[in-house]
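Chemist: no sequence on this one, just coordinates:
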């Protein structure tokens, strides 16, 4: 937002083309017609004098005139580390870019700053493109299409519990079969799951609003009946909201990619209070250490990596 104006950056549902629209008083500003082609749009920031769009998955910054959307400049950003986000100083207009390991100012390449005494990031970083590109050997646990809705991807908000979505949703009919996404060992299989009473849902919701976020206890509660599988590459796949688990699936058991592990349900979902069919779907998560794939990423970015990771034939 800039004053009374709102800029909206959108991406087409079935390709990577992005559009930029300006609104005032809930109406589209007809005079604002950006003339540049945008792809893989990631962020928009508006000021009184310019509108900036980060696109090409963080490798390019476009500048548009706020009066009419005319493309005024194209800035190619460093390629060794894609920019994940940027900011504009409200008074000076100075651009600040953030990549995996660096913060840097535009037009000040010689300036280096650090935080004395602070340790660098160690271990697997779930938003590191190099790490994500190395993940292979997985297939979709059900069907083949990754959702096109941002709301169903990691990074999407979950307002009712003041939290964030940590996986991808696959909407299939209740009791549809679910399969192991890759070879591995079962580390959790909740055969003893008992659906909670409505009062438990109200308690968890109240807890989230008191804390201002979703606790680990509440997260596990909302996941319902689950199966977790640990894989050779150290990742763990989680199959959530299950309606049932294969009767012969046990913790410590080795499974192969494509093996039947359970069925679609809505366990743990607030919608389960309505009926067994309401909002039935598979919620699927991938975890590396204590972080989920898609953490610190925008939903549109998470979808791209999920499409890349879940491509092997079962």
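Modeler: Good, I have the coordinates. This one's a predicted model, so the numbers in the text were calculated from it and none came from an experiment.

Chemist: How about the contacts made by the nearest residue to residue 255 once chain neighbours are set aside?
Modeler: Among residues not flanking residue 255 along the chain, residue 180 sits closest, at 4.7 Å (Cβ to Cβ, 6 or more residues apart in numbering). Quick note: C-beta positions are derived from backbone N, CA and C, even for glycine. Residues in contact with residue 180 (Cβ atoms under 8 Å, 6 or more residues apart in numbering) are 141, 229, 237, 255, 256, 257, 258, 259, 261.

Chemist: out of these, who has the most neighbours?
Modeler: residue 229 (27 neighbours; other Cβ atoms under 10 Å).

Chemist: which residues does it contact?
Modeler: For residue 229, the contacting residues are 180, 181, 182, 184, 185, 186, 187, 236, 237, 239, 255, 261, by Cβ under 8 Å, 6+ apart.

Chemist: Just the pLDDT for the second one.
Modeler: pLDDT, the model's per-residue confidence, is 96 for residue 181.

Chemist: Where does pLDDT dip in the chain?
Modeler: The chain contains residues with pLDDT under 70 at 109-120, 312-314.

Chemist: what's in contact with the helix ranked longest in it?
Modeler: In the chain, with assignment by DSSP state H, the single longest helix is helix 198-211. For helix 198-211, contacts defined as Cβ under 8 Å, 6+ apart pick out 160, 161, 162, 163, 214, 215, 217, 218, 221, 222, 270, 273.

Chemist: Among the residues you listed, which pair sits farthest apart?
Modeler: 215 and 273 (20.4 Å; Cβ to Cβ).

Chemist: these two touch, right, residue 96 and residue 87?
Modeler: Yes. In terms of Cβ atoms under 8 Å, residue 96 counts as a neighbour of residue 87; the distance is 4.7 Å.

Chemist: how close does residue 218 sit to residue 206?
Modeler: According to Cβ to Cβ, to the nearest Å, residue 218 and residue 206 sit 10 Å apart.
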